[in-house]
Structure formats: C-alpha cells, structure tokens
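Chemist: I'd like to go over a predicted model; first the sequence, then the structure.
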Amino acid sequence: MKILVLDGDGIGPEIANATVTAVDALNHRLNLGLEISRAESGLSSLEKNGITLTDDVMAQAAEADGVILGPTHSLIYPAPEDGGINLSPWFRKTFDLYANIRPARARPGIPAMAPDIDLVVVRENTEGFYADRAMYQGSGEFMATKDVALAVRKITRQASYRIAESACRLAMTRERKLTIVHKRNVLKLSDGLFTDTVHEVAANYPEIEVEEVIIDAMAALLIRQPAAYDVIVTTNMFGDILSDQCAELSGGLGLGPSINAGVDHGIAQAAHGSAPDIAGQNIANPTALMLSTSMLFEWLGDRHDREDLKNAAQRLSDAIDEQLAEPDGRTSDLGGPLGTGAFGEAVAKRISG
C-alpha cells in the first residue's frame, strides 16, 4: 500500500517529519507493508520547478492509496496560470473528495474551553460558495462591473445526498444523533434542497435522531452546550467555520484533525494553516496532522477491509493521547518542553513499545 507525503509550506515539513516518524514506527511494529514516499509541493516546488504541483507529483498522488498533505501558504501563491496551483482545492476537485470529516474531542490532560466536547463535523466539500470548485469551468465568483462583485452558490441533490449518507453512516457508529445545520430561513432554495435531501437520506436510518439548527444559533449553542451534539452535517462554508470553532473549543487548532475522502481517494490534512511565523523553529505542534493520519488509516482499513490498518489508526491515536496526557510530553503551545521532532519521536517510542 502506497502512502504519499507532501510537506506543504511553513511548518509543513516539520510536522510532516514528525508524522512520518510515527508512521514508520507503526509500519514496523504492526508489519503494515506501507510504502511511504515523499515529493516536493507548494513553495519549494514553485522555486525549483516553477509550479506548486508538478504533473509527476499529480500522477504519484493519483496512484497512491492515501496522501498525507501538509498545510499550504496559498495566500501568497501566484495565479494558477503562473504556477500557483492551490493544492487543497486541486485535490478536492480532481479526486472528488466530497466528504471533509473533522472530529473535535477534548483530550486527557489538555485544557479545553469545552472539556465535554466529543463531536464530528461532516462538511460537504465540493460545492457551496467556494468559487474555485463550484463550477465545471470558470469561477463561481466574478465582477459584473468594477464596483460589483458576485458569488454563485451551488447546491446539488447529488452532493447533498452523498454527504448525508456519509454523516448517517458515521452517526450509526456513534450516538446515533444527527444535527443538520443550515440557513433555510434565508437561503430557502439552496439550503432547502440540502436540508430536504438530508432528511430523505436519514429516513433510511430510523435509529438516528435527527434535528435541525440554524447556523447562527448553532454557533452560539456549541459554546453553551457542545456535549449536546454528536454528528453535525452541513454545507461547505458553514462546515469550514463551525469545525474551526469546535477545534478551538476542544483545545485549539493544533489538535484539529481532518480527512478529505471520496470514493477512491483519501487525504489526511490538518485543519490549521502553515504558520509561517514559526516555521523552522521546531516548536510547531504536529498533533493535528498525526491525528489526521490516524483517520486516514481508519478510512483505508474500512475501504480495503484491513483490520491491521484500523488497529494502526487506534494505536496511533492512543499513543498521541498518552503523550499529551503527560505535562512534560507536550509541545510549547500546550505548555510543554518538547520540540516538534521530539514529540514525533516520543509518540513513535510509545507505538514501538
């Protein structure tokens, strides 16, 4: 099984190195037979090759069983025609990675604004207001005149149906509670179509308790009573915002994992950015990318019916929890003494033991 690692930008190479250290330990300890390869991407590839994602790396990603993608500093990329391909939307659109799964759980020993939070945001990943992936050709955002900017929001029954299926299947493995988040009172047609479609799918899962919450109310309720929610399913932009809020409630974006999954491809990608202000200082927290990789192994285990990969996912997650539970076993953002590399080595040691 082939795993491709793309470092990305900023702190990406550091947290990717720490993650690979842990994955190597898993591979050896559990005899997983993983073939781990790395390739240049982002700003380093732009400097060397004139493009952030070369055709060769695109081909490697297509052939890989899974990809571990570091954060990118796409804000400073040149235009796509000048080599500045934005990696995240490219992968999501090219491989039709329609499900962005972002869990938020308070972890033992880590101070959290919501110590009882344990939920998953299931975010539709391919349409909505996101201009770079909402259209077959061209952009969903454009200027009608120099003083008028317009954005087109796309919601389809097909995309709503399949993200609803993903959310319902996940809810069946948890507390069997599903919350649909929308703004149907204003976006009557688009959010109406999304909400109705989710209800249609959920009707096939009578064991699941289903409720609806309007997005602005949800933002407040997550602060007041996060433990009341289990699986949240919503559209692209709402899911992007809510999942960051949930990560902060659980202890910070440095702990926020996510996986982008389609039918044939899965990509581990931390929810946070590239943090260029601390790049190269060996102080970044690699937990989010490590936990994202755990999610990737869980997805691969389900897809290929491999219990060893599911066991690897659990072992990696448990090792991270054990490491974080030790006050002197954390990175500096969590009040600990460890650098990025040392944290990766400590997690690897727990896996090997």
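Modeler: In hand now; what should we look at? Numbers count the residues shown, from 1 in each chain.
Chemist: now residue 253: closest residue in space, sequence neighbours ignored.
Modeler: Distances taken as CB to CB, 6 or more residues apart in numbering place residue 272 nearest to residue 253, at 4.1 Å, with adjacent residues excluded. Yep, even glycine has a C-beta here, placed from its N, CA and C like the rest.
Chemist: what domains does the record give for the protein?
Modeler: 1-85+256-353, 113-250 (automatic domain parsing).
Chemist: returning to that earlier point: which ones are touching the residue nearest to residue 253?
Modeler: Taking CB atoms under 8 Å, 6 or more residues apart in numbering as the contact definition, residue 272 lies against 71, 247, 253-254, 256, 288.
Chemist: turn those into a markdown table, including neighbour count and distance to residue 9.
Modeler: Supplementary listing: the contacts of residue 272 in a markdown table, determined by neighbours: other CB atoms under 10 Å; distance: CB to CB, whole Å:
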| residue | neighbour count | distance to residue 9 |
| --- | --- | --- |
| 71 | 27 | 7 |
| 247 | 26 | 20 |
| 253 | 18 | 16 |
| 254 | 21 | 17 |
| 256 | 23 | 18 |
| 288 | 25 | 15 |
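Chemist: now those residues in a markdown table, with secondary structure, distance to residue 182 and pLDDT?
Modeler: What follows is the contacts of residue 272, written out as a markdown table (DSSP: H, G, I helix; E, B strand; the rest coil; distance: CB to CB, whole Å; pLDDT from 0 to 100):
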| residue | secondary structure | distance to residue 182 | pLDDT |
| --- | --- | --- | --- |
| 71 | coil | 29 | 95 |
| 247 | helix | 21 | 94 |
| 253 | helix | 25 | 88 |
| 254 | helix | 30 | 89 |
| 256 | coil | 23 | 91 |
| 288 | helix | 27 | 96 |
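Chemist: most widely separated two among those?
Modeler: The most widely separated members of the contacts of residue 272 are 71 and 247, with 13.7 Å between them, by CB to CB.
Chemist: report pLDDT for residue 133.
Modeler: We have a pLDDT of 68 for residue 133.
Chemist: what does the one 3 residues further on give?
Modeler: In the predicted model, residue 136 carries a pLDDT score of 77.
Chemist: cool, and residue 102?
Modeler: Predicted confidence (pLDDT) for residue 102: 97.
Chemist: now it, nearest residue through space, not along the chain?
Modeler: In space, residue 102 is closest to residue 243, 3.9 Å off (CB to CB, 6+ apart).
Chemist: can I assume the one you found sits in a helix?
Modeler: Yes - the assignment for residue 243, made by DSSP: H, G, I helix; E, B strand; the rest coil, places it in a helix.
Chemist: what sits against the residue most central in space within the chain?
Modeler: Within the chain, the residue whose C-alpha comes closest to the C-alpha centroid is residue 258; the distance, by CA atoms, centre = their mean, is 2.3 Å. Contacts here follow CB under 8 Å, 6+ apart; on that basis residue 258 touches 100-102, 243, 268-271, 292, 295.
Chemist: how about these in CSV, adding neighbour count, distance to residue 141 and secondary structure?
Modeler: Compiled in CSV, the contacts of residue 258 are given as follows (neighbours: other CB atoms under 10 Å; distance: CB to CB, whole Å; DSSP: H, G, I helix; E, B strand; the rest coil):
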residue, neighbour count, distance to residue 141, secondary structure
100, 25, 20, strand
101, 25, 26, strand
102, 26, 24, strand
243, 26, 22, helix
268, 28, 28, strand
269, 30, 23, strand
270, 32, 26, coil
271, 25, 23, coil
292, 25, 28, helix
295, 23, 31, helix
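Chemist: isn't residue 19 right up against residue 287?
Modeler: No - in this structure, residue 19 is not within contact of residue 287 by CB atoms under 8 Å, at 9.6 Å.
Chemist: need the contact list for the residue nearest to residue 102.
Modeler: Residues touching residue 243, when contacts are defined by CB under 8 Å, 6+ apart, comprise 100, 102, 104, 121, 123, 256, 258, 271.
Chemist: what helix or strand is the third one on?
Modeler: So the one you mean is residue 104. When secondary structure is defined by DSSP states H and E, residue 104 falls within strand 99-105.
Chemist: how close does residue 307 get to residue 66?
Modeler: Residue 307 is 17 Å from residue 66, where distance means CB to CB, to the nearest Å.
Chemist: those two: who's more crowded?
Modeler: In this view residue 307 and residue 66 are compared by other CB atoms under 10 Å, and residue 66 has more residues nearby, 24 against 8.
Chemist: local confidence estimate at the more buried one?
Modeler: On the pLDDT scale, residue 66 is placed at 97.
Chemist: can you check residue 294 too?
Modeler: In this prediction residue 294 is given a pLDDT of 98.
Chemist: surely it touches residue 317?
Modeler: Yes - taking CB under 8 Å as the definition, residue 294 is a contact partner of residue 317 at 4.6 Å.
Chemist: who has more neighbours out of those two?
Modeler: When residue 294 and residue 317 are compared for neighbours, residue 294 comes out ahead with 26 against 20, by other CB under 10 Å.
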